[in-house]
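Student: Have a look at this prediction, sequence included:
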Amino acid sequence: MKENSKAAPEPDPGTGKSGLKNNKTETEGRSAGKKQRVLSSPSDTDLERRIRERTAELVRANEELEQEIADRRRAEEQAMKSQERLFDILESISDGFFTLDRRWRFTYVNHEAVRLWRRSLGELIGRSIWEVVPDAVGTICYEQYHRAVAEKVPASFEAFSPLLNIWVEVRAYPSKEGLSVYFHDITERKIAQENVFRLNLFYSVLSKINEAIVRIREPGELYEEVCRIAVEDGLLRMAWIGLKDPVTLEVKPVARWGDEGGYLDTIRVFAADVPEGKGPTGRAVFEGKYFICSDIEVDPLMRPWKEKALSYGFRSSAAFPLRIGQDTIGAFTIYSEKPSFFTGEEIELLLSMARDVSFAIDFIENDGRRRAVEEALRDLNEELECKVKERTAGLEEAYREMEAFSYSVSHDLRSPLRIINGFAQAVLEDYGDKLDDKGKDLLKIIGTNAIRMDMLINGLLDLSRIGRQEMNVAEIDMEKMVKSLCNDFGGALSGRKVSFAVQPLPSVNGDAVLLRQVFENLLSNAVKFTRKRQEAVIEIGGWKDGREHVYFVRDNGVGFSMQYADKLFRVFQRLHNVKEFEGTGIGLSIAHRIIHKHGGRIWAEAKANEGATFYVVLPGN
């Protein structure tokens, strides 16, 4: 038999069966695997696509997050800039401003509030207002602040501040954080209102006394009625009329009102050159002129009666001579419980009243002329009533004009200046990178001149206030005050060699606040005009010259030519270029007005490039 060329398949070792079937199965498996690989390929592609999409989403989300973070940073920077601008505005306003937290602790105090309180920031920030000003507990401020916080409503009120010794207008606004408070000085307005009130009182007193003069024909009754009207209608503490004894020259009371304690029974007054004749009443009768004692407590001429007068509540007095013809027969004397009460137009009205009483007495002595007196006084009374209306209208108009001016200066002029300066700074900060150097310089010039204009306005306001401000006269340790000022300047002169030489200085009677302002101005000028010296030397000295006290401030600065000395104390007159030495040209005008108010003198001696010396002379009393 012939052998077949194809080998027969071997049986499967495991089954003993032929491998044909297994081969078929293997072939099918490879075919299925290949098919499976072909089918799985689209799934891999879809996964990669989804991964790419998800990655893109994450990238976009990350970019959006980074953009949001950048936006927030920019917003925070803008908020910080806005806050800084707000603080700049709060520091530049003329109102005092402070904020309190829920526990009444100071969280912010602007420069004006610090200046008015005469406290440092360290003495205020973080401390309770009732701890800093314990005397305010129970006052209108305490009540209004608590009401504003409790009821969540703004509070507005006027009050006298014993701490500042001024009248203030206060506006308080509650918030979640606590309380924001604005306050500003309204003392001038209050003084003007009081002056109008007092003048109206004295016009009324004068009118009623003239009515009494027409009605009463007996001198003793007239004297008593004059005193009664002065006390009850003029709100004075006491009034009396004394007539001179032609032999003993003693001025004896013939009428009085308000002397319940018997003050006049404990004193003696003479119209002669003796200690008991140096007071207002004795001098008015002796010299035939009116005399004013502004403050019994400090007037040395009131020494014989000082203790008793003060114990009866008298602080100031005025005496006006009474005449018959050319002879002074006595005096009309009045007392007030306030120092420096009798000033200006009140004195003129009281003089007019004394003349009317003298006129009446003269005519009462001659009964035949009584009818003419009555007719003349009726006409005078009608004229006075017209004058009362005219003067009242004039005073009210002047007061309104003063208020309008103050408002204009404080708001209409200063607010635009602050806005101009604020916007100039804002443009520099926000758009500085888009401006060239010239544009930036122009904006800086705008800001600088706005600040200078604000300083000029402040100076003018200070200058106007000096004339109306009442003086608080007391003994001043001038050496201590000057050394304190020198220490203040010394701490602010880093980088400069400035030596202050303070000689022994005599004490003087005067207003400490005003005189401190004078010497602060003189020392400030000395520091400023020695700036170009490698080593500045400023000397302060003084001595007594008879009944006067002389002080000087000398420096080795740039000095000036004496041919321009007459311009030195004029408003806005400057002897040096403002670019070289800053200033408003008002400081020395304020100093001159303050010294003149004290009855003193101020002048300067200098040479160009050799320094200057300023002299101040004040009366001993």
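Tutor: Sure, I can see it.
Student: Which is the succeeding secondary structure element to the strand or helix carrying E131?
Tutor: Element membership for E131, per DSSP states H and E: helix 129-132. Counting by DSSP H and E, the next helix or strand C-terminal to helix 129-132 is helix 140-151.
Student: Quick check: buried residues in that following helix?
Tutor: Under the neighbour-count criterion of 16 or more other CB atoms under 10 Å, helix 140-151 has 141-142, 144-145, 148-149 buried. Glycine gets a C-beta too; all of them are placed from N, C-alpha and C.
Student: returning to that earlier point: can you give the contact residues for the helix holding E131?
Tutor: 100, 104-106, 119, 123-124, 136-137, 142 (CB atoms under 8 Å, 6 or more residues apart in numbering).
Student: Return the subset of the residues you listed lying in helices.
Tutor: The helices, defined by DSSP state H, take in Y142 from the contacts of helix 129-132.
Student: Report the two of the contacts of helix 129-132 separated the most.
Tutor: E123 and Y142 (19.9 Å; CB to CB).
Student: who's in contact with the closest residue in space to D101 that isn't next to it in sequence?
Tutor: Ranked by CB to CB, 6 or more residues apart in numbering and with sequence neighbours excluded, the top spatial neighbour of D101 is G178, at 4.3 Å. By CB under 8 Å, 6+ apart, the residues touching G178 are 99-102, 104, 107, 149.
Student: just to revisit the earlier point, just the ones of the contacts of helix 129-132 in strands?
Tutor: Judged by DSSP state E, the contacts of helix 129-132 include 100, 106 as members of strands.
Student: Export the contacts of helix 129-132 as TSV, with columns for pLDDT and distance to G422.
Tutor: Output for the contacts of helix 129-132, formatted as TSV (pLDDT from 0 to 100; distance: CB to CB, whole Å):
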residue	pLDDT	distance to G422
L100	94	26
W104	94	31
R105	95	29
F106	94	25
R119	84	28
E123	89	30
L124	90	26
A136	86	33
V137	89	38
Y142	91	35
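Student: now the contacts of helix 129-132: which count as buried?
Tutor: Counted by 16+ other CB under 10 Å, the contacts of helix 129-132 give 100, 104-106, 119, 124, 136, 142 as buried.
Student: Out of those residues, the closest to K480 would be?
Tutor: Sorting those by how near they are to K480, with CB to CB, puts R119 at the top with 19.8 Å.
Student: From G96, how far off is the closest one?
Tutor: For R119, the distance to G96 (CB to CB, to the nearest Å) stands at 12 Å.
Student: thinking again about what came up before, from the contacts of G178, which two are the most distant?
Tutor: T107 and V149 (14.2 Å).
Student: Reformat the buried residues of helix 140-151 as JSON lines; add distance to I476.
Tutor: Listed next are those as JSON lines, based on distance: CB to CB, whole Å:
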{"residue": "C141", "distance to I476": "31"}
{"residue": "Y142", "distance to I476": "34"}
{"residue": "Q144", "distance to I476": "36"}
{"residue": "Y145", "distance to I476": "36"}
{"residue": "A148", "distance to I476": "40"}
{"residue": "V149", "distance to I476": "42"}
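Student: which pair in these spans the largest distance?
Tutor: Applying CB to CB across the buried residues of helix 140-151, the maximum distance is between C141 and V149, 12.6 Å.
Student: Surely N421 is in contact with I445?
Tutor: No. The criterion here is CB atoms under 8 Å, and N421 misses it with I445 at 11.4 Å.
Student: circling back: now, among the buried residues of helix 140-151, which is nearest to S589?
Tutor: Compare each of those with S589 using CB to CB and the shortest gap goes to C141, at 35.7 Å.
Student: On the pLDDT front, check that closest one for me.
Tutor: pLDDT for C141: 88.
Student: check contacts around it.
Tutor: Counting by CB under 8 Å, 6+ apart, C141 makes contact with 157, 159, 170.
Student: ChimeraX command for the buried members of those residues?
Tutor: Buried residues among the contacts of C141 (16+ other CB under 10 Å), as a ChimeraX selection:
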select :159,170
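Student: Mean confidence (pLDDT) on stretch 251-259, please.
Tutor: pLDDT averaged over stretch 251-259 gives 93.
Student: Show residues contacting it.
Tutor: With CB under 8 Å, 6+ apart, stretch 251-259 has contacts from 220, 223-224, 226-228, 230-232, 236-245, 264, 269-271, 281-282, 285, 330-331, 335.
Student: Give me the buried entries from the residues you listed.
Tutor: Of the contacts of stretch 251-259, these count as buried by 16+ other CB under 10 Å: 223-224, 226-228, 230-231, 236-244, 264, 269-271, 281-282, 285, 330-331, 335.
Student: Tell me how many other residues crowd F423.
Tutor: 15 (other CB atoms under 10 Å).
Student: Now do the residue nearest to D101, the pLDDT please.
Tutor: 92.
Student: Could you do L443 as well?
Tutor: 73.
Student: ok, it touching V427?
Tutor: Yes. Contact status for L443 versus V427: in contact at 5.8 Å, counting by CB under 8 Å.
Student: list residues touching both of those two?
Tutor: With CB under 8 Å, 6+ apart, L443 and V427 have common neighbours L435.
Student: Dump the contacts of G178 to TSV, plus distance to D356.
Tutor: Putting the contacts of G178 into TSV (distance: CB to CB, whole Å) gives the following:
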residue	distance to D356
T99	58
L100	57
D101	62
R102	63
W104	57
T107	61
V149	57
